[in-house]
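K.L.:
Pasting the sequence and the predicted model now:
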Amino acid sequence: MSGICEEPQRAGGEVAASGSFARPIRPAWPGQDGFTGQVLHVADYRDPKDLAGLRVVVVGRGNSAVQVAYELGEVAQVSIASRRPLAFLPQRRDGHDVHHWLASSGFDDLPPEWLIHSVQQTLVVDTGDYRAALESGRLQRREMFTGFDGDAVVWPGGEREPVDVVLLATGYLPSLDYLRPLGALTPEGLPLHQGGVSTVLPGLVYLGLEFQRSFASNTLRGVSRDAAYVVGPLAAHMRDAHAQVGL
């Protein structure tokens with residue numbers, strides 16, 4: 001095709017900004033290959049009407065799992081399966097949205113190494129509707145099933161329940177496989193970096209990674225700060241800073 005360069009191109013530096021939510025995580029369970037229903041990821045989910053009238057199990061305990069299960073509850077028979085109970089964070093407090101508090105309190109700036117001490121579990125941001133639905137029984141949460149058996153999932157204790165769809169709200173990994181031949185990734189496909197600067201490949205930096213440098217790294221609030229951080233070492237590399245100081 002005209003206008004497309006087919007020859008390999010060399011570059012003095014590269015910014016990998018292909019996002020944190022492009023490669024769905026799809027865990028597997030015993031018996032899954034023989035399951036006669038569908039196993040989908042929320043990345044495949046578009047419209048609740050597509051699953052109307054079906055028995056659906058949503059796997060996960062974050063915002064996506066709860067929001068999708070709540071929406072599907074209007075048209076389908078739905079349960080949430082998770083390894084730990086759901087935990088809720090109010091959307092508004094003292095007249096302000098939670099995002100106001102994340103920014104004004106400085107929580108957005110906390111580094112990942114500190115966050116593991118203060119955030120012990122996944123939180124669902126809630127206007128009050130989700131908690132109320134769970135407490136009223138409209139939204140059902142069950143312990144994670146242990147496997148599949150034909151047309152059914154097998155719940156802890158051995159109960160077998162026929163299910164039409166298992167919908168995975170199990171997160172994503174960065175879409176960085178194009179860097180694998182360069183040795184820039186772990187065997188699991190995660191970037192080897194510190195604060196968004198590659199620790200194995202000079203001239204390679206990242207933007208938009210979840211918890212790259214802080215809680216807000218993969219949000220519009222935080223990505224600009226990360227960009228300012230990584231551009232310095234990238235520019236120095238491209239200016240050949242080592243040669244300029246005689247090294």
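P.N.:
Happy to help now that I have it.
K.L.:
make it CA atoms for all contacts and neighbour counts henceforth
P.N.:
Will do.
K.L.:
Which elements pack onto the longest helix seen in the chain?
P.N.:
In the chain, taking DSSP state H as the definition, the longest helix is helix 223-238. Secondary-structure packing of helix 223-238 (3 or more CA pairs under 8 Å, 6 or more residues apart in numbering; DSSP states H and E): strand 204-206.
K.L.:
which ones are touching the closest residue in space to Ala227 that isn't next to it in sequence?
P.N.:
Counting by CA to CA, 6 or more residues apart in numbering, the nearest residue to Ala227 once its immediate chain neighbours are dropped is Leu207, at 6.6 Å. By CA atoms under 8 Å, 6 or more residues apart in numbering, Leu207 lies in contact with 15-19, 196, 218, 223, 226-227.
K.L.:
Now do the helices in the chain.
P.N.:
Using DSSP H, helices in the chain cover 63-72, 98-104, 112-118, 129-136, 223-238, 241-244.
K.L.:
so of those, which one's packed in deepest?
P.N.:
helix 63-72 (a mean of 21; mean count of other CA atoms under 10 Å).
K.L.:
Is Ser198 in contact with Gln212, as I believe?
P.N.:
No - Ser198 is beyond contact range of Gln212, at 11.4 Å (criterion: CA atoms under 8 Å).
K.L.:
average pLDDT across stretch 83-93?
P.N.:
Averaging pLDDT along stretch 83-93 yields 88.
K.L.:
Also stretch 168-185?
P.N.:
Rounded mean pLDDT across stretch 168-185 is 93.
K.L.:
How about Val39: what's its closest non-neighbour residue?
P.N.:
Val39's closest residue in space is Val166 (CA to CA, 6+ apart), at 4.8 Å.
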